[in-house]
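Novice: build the 3D model from these lines:
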Amino acid sequence: MNCTPFSWRTLGFALLMMALLVGEAGDKVFVPSPALAQAERSAPSSYVLITRNTNLRGGPGTGEPILTVARPGQRYAITGQNDDATWWRIDYEGQEAWVYASLVTLVDETDDTTAAPVALPTPTPDAASAGAVPSPTSTPADSGAAVATIVRAINVRSGPGTGFHILATAQPGERYSITGKNGVGSWWRIDYQGQEGWLFASLVQAANSAAVPVVETPAIATAPAPAAPAAPVTASAPPPAARFDPQRAQVRLEPVLGGLEQPTHVTHAGDGSGRLFVVERPGRIRVYPGPQTEGQIFLDITDRVGDTGGEQGMFSVAFPSNFRTTGLFFVNYTNNDGNTIIARYRVGDDPNRADRDSEFVVLFQQQPARNHNGGMLLFGPDGRLWVGLGDGGGANDTFQNGQNPGTLLGAMLRLDVTSDPSVPYRIPPDNPWVNRLWQGQEVRDEIWAIGLRNPWRYSFDRRTGDLWIADVGQSQSEEINFLSAQQVRQGGFNFGWPIMEGPYCLGAPDCAKDGLVLPIAEYGHAGNGCSITGGYVYRGQAFPQLDGVYFYADFCSGNIWALWRAAGGVQTALVLPKAAAISSFGEDEAGELYLTDFGGVVHRLVAEEGDVSSTD
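Specialist: Prediction:
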């Protein structure tokens, strides 16, 4: 069974909404920018070379529709430019497309795509394109010298391997002289600011590299394995104790916002305004002054969001701690091709309206299927952006991503997106697999943990810093994983998928469990359960009897449970049966809990003293 909050009991509703959306899209007309009429100026007989994931648009402006995302190494013929030379018009598969000039480089018709691109003069960006990557560094003086051009953020290391120390993170557009290579040609030695540095060869573009000599390399720097547990664990320590009595704390849902279209997330901005932000699956974010108030559209990118099938759409929004001063925030959605986009936006002059033209793609992840996309974005207590990605879809980890540390799929990522807004992200130097190998394999530096199937929702305890990850199961188990704040700082964990599903070996009576993190709690699919929606530990002030209790739900059954630690260990109780199709939980600035009902309502979790029966 492969379901997350977009299947089963809402299938008929989703199909109806899809039909309505198709009708609306058919009536939508995109008005080109005024510059389009002046875009007939001829361009040189040359091509643009894509050096980073770049949007190709229907016109010369970020307000124009996105036709596709071009990938590094692709090349397109230039057919014109707009009046102020900030956009190139290109031939994209027989149709007209536009690409922002400062994000690409120009190559001659006879150049192959491995040649060193010739940097264009960087146009002065307009307000809509502010925040784009900076212009490339200058080419080494000797045009015949071997040169490495950076096409994505990549670590410069002290030797040819991920076990070596990181000297710096090179950024797209930077160029370095190649001075040698290792014996198998998989790493380039470069001159990095007067010292020796090494770049992984397959992640850069090299020119004039045929005669680069093999050089003596430093000894491989060995390091201990990542600090993953040596044996199965539920947690290094149980969650903090809570004084919760399900017999007396009668929990109920109080509707506070309505009229929404398939809400998938509710959160706050942390800016002292008290506002609530609600994400709608088709591609909108609405902002409300608070509960029981009228809202307005904060961001609408429905034309960019693919939500017509599978488990796709806009999933979440996250606000960094400096949002009040920078106005920058982050969104997770799938585009019209079904691929994951993590994008940054900026608030406009109106604090309740974001500038949709300010989109800056932070991360592009190709999705091999239409489900198991993950979807949550969250800033942790450490100020890093935590990104949960599913295994890419299919049953039994079809694409074999769960235990593959060379892909971002099936993993929890930890990114620095705030220290330098001119680049998509930087790798935090304390990420667990930086300078390390895992079972002899190289690991993407972005990864904090592997072995996840579809971590639809996860959260940090705002008081303790503990991490709770709810991973959607397949056919047997929905699981909750708990890691203490100390373990969060450590990282490097393996949650076991597809070796295990919850606490059970997948498709076998026994399996090798050493080094795997086992869930702190789980439930099966009896009673129509099929897709866990992870929640939060209650830390609000309104209902002290709920303090320290973790709440979670199942999207299909509508059940809501409480989990807490008492004298007898970890306890769970069903506190609200068949409540609603809960797609997400969220907090307001005061720590009060909210739930989104996929049918169009946001509820607040409230509690009253009473004498109610507990059902496990």
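
Novice: for stretch 79-86, buried residues please.
Specialist: By 16 or more other CB atoms under 10 Å, the buried positions in stretch 79-86 come out as 79, 80, 81, 82, 86. (C-beta placed from N, C-alpha, C; glycine too.)

Novice: let me redo that: stretch 381-399
Specialist: By 16+ other CB under 10 Å, the buried positions in stretch 381-399 come out as 381-382, 384-394, 397, 399.

Novice: which of these lies closest to residue 535?
Specialist: Nearest to residue 535 among these, counting by CB to CB, is residue 388 at 14.7 Å.

Novice: spatially central residue in this structure, please.
Specialist: Residue closest to the mean C-alpha point of the chain, counted by CA atoms, centre = their mean, is residue 387 at 4.0 Å.

Novice: surely that one meets residue 330?
Specialist: No - look at residue 387 against residue 330 with CB atoms under 8 Å: they stay out of range, at 9.2 Å.

Novice: who touches both of those two?
Specialist: With contacts taken as CB atoms under 8 Å, 6 or more residues apart in numbering, the residues that reach both residue 387 and residue 330 are 342, 377.

Novice: low-confidence stretches in the stretch 351-500 of the chain?
Specialist: For the stretch 351-500 of the chain, applying pLDDT under 70 flags no range at all.

Novice: need the contact partners of the longest strand along the chain.
Specialist: Looking across the chain with DSSP state E, the single longest strand is strand 354-365. Applying CB under 8 Å, 6+ apart, the contact partners of strand 354-365 are 53, 55, 61-63, 69, 128, 130-132, 285, 298-301, 304, 329-330, 339-348, 387, 389, 408-409, 413, 415, 417, 424-425.

Novice: which of these count as buried?
Specialist: Here, 16+ other CB under 10 Å leaves 53, 55, 61-63, 69, 128, 131-132, 285, 298-301, 304, 329-330, 339-347, 387, 389, 408-409, 413, 415, 417, 424-425 buried among the contacts of strand 354-365.

Novice: restricted to helices, list those.
Specialist: Per DSSP state H, helices hold no members of those.

Novice: residue 545 should be in a strand, yeah?
Specialist: No - applying DSSP: H, G, I helix; E, B strand; the rest coil, one finds residue 545 to be helix, outside a strand.

Novice: the residue nearest to it when sequence neighbours are not counted pairs with what?
Specialist: Nearest residue to residue 545, sequence neighbours excluded (CB to CB, 6 or more residues apart in numbering): residue 249, at 4.5 Å. When assigned by DSSP bridges, residue 249 has beta-bridge partners residue 609.

Novice: what of residue 457?
Specialist: Going by DSSP bridges, residue 457 forms beta bridges with residue 470.

Novice: residue contacts, it?
Specialist: Taking CB under 8 Å, 6+ apart, one finds 375, 376, 470, 533, 534, 535, 584, 585 in contact with residue 457.

Novice: what about residue 183, neighbour count?
Specialist: 11 (other CB atoms under 10 Å).

Novice: follow-up on the earlier one: with the buried residues of stretch 381-399 in mind, which one is nearest to residue 320?
Specialist: Closest to residue 320, out of all of the buried residues of stretch 381-399 and judged by CB to CB, is residue 385, at 7.6 Å.
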